[in-house]
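J.: Generate coordinates for the sequence data below:
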Amino acid sequence: VQLQASGGGLVQAGGSLRLSCAASGGTFSSYSMGWFRQAPGKEREFVAAVLWSSYRTYYADSVKGRFTISRDNAKNTVYLQMNSLKPEDTAKYYCAAGRNNWSRGPYDYWGQGTQVTVSS
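T.: Have a look, this model is predicted:
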């Protein structure tokens with residue numbers, strides 16, 4: 001499975017961005033999809049996920065109520081709508097795919113990441 005993330009950019013605090021992650025090479029509907037992020041000097045952290053088995057969504061406490069994950073199986077794409085962005089959301093965002101039934105993984109496939117920078 002190959003994952004291609006896009007949609008990052010520079011935005012002011014309070015603004016919005018929508019990240020996309022297009023998948024190819026596998027049966028998209030049978031994969032759980034997750035978003036993670038990593039800021040410079042920090043460990044990678046979980047952001048959001050949608051499980052393949054139940055389509056239930058999960059969020060980190062830090063983004064709950066501001067971010068929304070969704071998937072379009074017809075387009076083999078998962079999205080992360082990010083609203084009310086804060087400077088602390090600045091990071092490189094990665095999408096991931098796996099056959100896991102737990103939101104945090106393990107994930108087998110990772111995209112290359114897309115940079116999100118939120119200015120204050």
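
J.: a helix runs through S29, doesn't it?
T.: Yes. S29 forms part of a helix when assessed by DSSP: H, G, I helix; E, B strand; the rest coil.

J.: and the closest residue to it other than its chain neighbours, how many neighbours does it have?
T.: Spatial nearest neighbour of S29, chain neighbours left out: N73 (4.5 Å); criterion: C-beta to C-beta, 6 or more residues apart in numbering. For glycine as for every other residue, the C-beta is placed from the backbone atoms N, C-alpha and C. The local packing of N73 (other C-beta atoms under 10 Å) involves 15 other residues.

J.: per-residue confidence at N73?
T.: Looking at N73, its pLDDT is 94.

J.: likewise G41?
T.: 95.

J.: can you check S53 too?
T.: pLDDT at S53 comes out at 84.

J.: surely it meets N101?
T.: Yes. Counting by C-beta atoms under 8 Å, N101 is a contact partner of S53 at 5.6 Å.

J.: Please enumerate the shared neighbours of the two.
T.: Residues touching both S53 and N101 (C-beta atoms under 8 Å, 6 or more residues apart in numbering) are S32.

J.: Secondary structure element holding the residue nearest the centre of the chain?
T.: What sits nearest the mean C-alpha location of the chain, by C-alpha atoms, centre = their mean, is W35, with 2.5 Å. Assessed by DSSP states H and E, W35 sits inside strand 32-38.
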